[in-house]
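> Give me the fold of what follows.
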Amino acid sequence: MSEHYYSKKTAAKSDEKTWSYTLRDRLLTFTTDHAVFSKGEVDFGSRLLIDSFTAPPVDGNFLDLGCGYGPIGLSLALEYPDRQVVMVDVNERALNLAEKNAAKNQVTNVEIKESDRLRQLEGRQFAAILTNPPIRAGKKVVHAMFEEAKKALCKSGEL
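The predicted structure follows:
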């Protein structure tokens, strides 16, 4: 199987780029690299999700499922400092970038960890789960993400 931005490891040579982008009226600085999704700017789908999100009226953490380098989870962690945002991805390079970007933007209310979909989050519940799923991974993977997310929502939580 060839590697993709949703692969665990990459053989792609690293060539990090740093740029800034305004999300929810905050200027954030991101470092991205080869073998991560939307490495040159925050993609339209993620921007739409970030801009339109409102926290559900239920207590609990948020989950950024397939966080990539972190634009969704980091922008919402800054917007909702009283919530913990768990950010997961299968891509090791993306996770390293998300860690760097959290530090660079002084975001402290995040937990960044490796997880293939929700497999490493068994038993955890979330008030909101946000994802811009890896459509190129295919329907089977995306539908599994949605099914697993449904089971991981708190009562009255939102996907």
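> Following the chain past the strand or helix carrying Asn101, name the next helix or strand.
In this assignment (DSSP states H and E), Asn101 forms part of helix 92-104. The element immediately downstream of helix 92-104 (helix or strand, assigned by DSSP H and E) is strand 110-114.
> That next one packs against which elements?
For strand 110-114, the packing partners by 3 or more CB pairs under 8 Å, 6 or more residues apart in numbering; DSSP states H and E come out as helix 71-79, strand 85-89, helix 92-104. Just so you know, the C-beta spots here come from the backbone N, C-alpha and C atoms, and that holds for glycine as well.
> Tell me which helix or strand the residue most central in space within the chain sits in.
For the chain, the residue nearest the mean C-alpha position is Cys67 (1.8 Å; CA atoms, centre = their mean). Following DSSP H and E, there is no helix or strand that holds Cys67.
> What distance do you get for it to Lys13?
Taking CB to CB, to the nearest Å as the measure, Cys67 falls 23 Å from Lys13.
> go on, Pro57?
47 Å.
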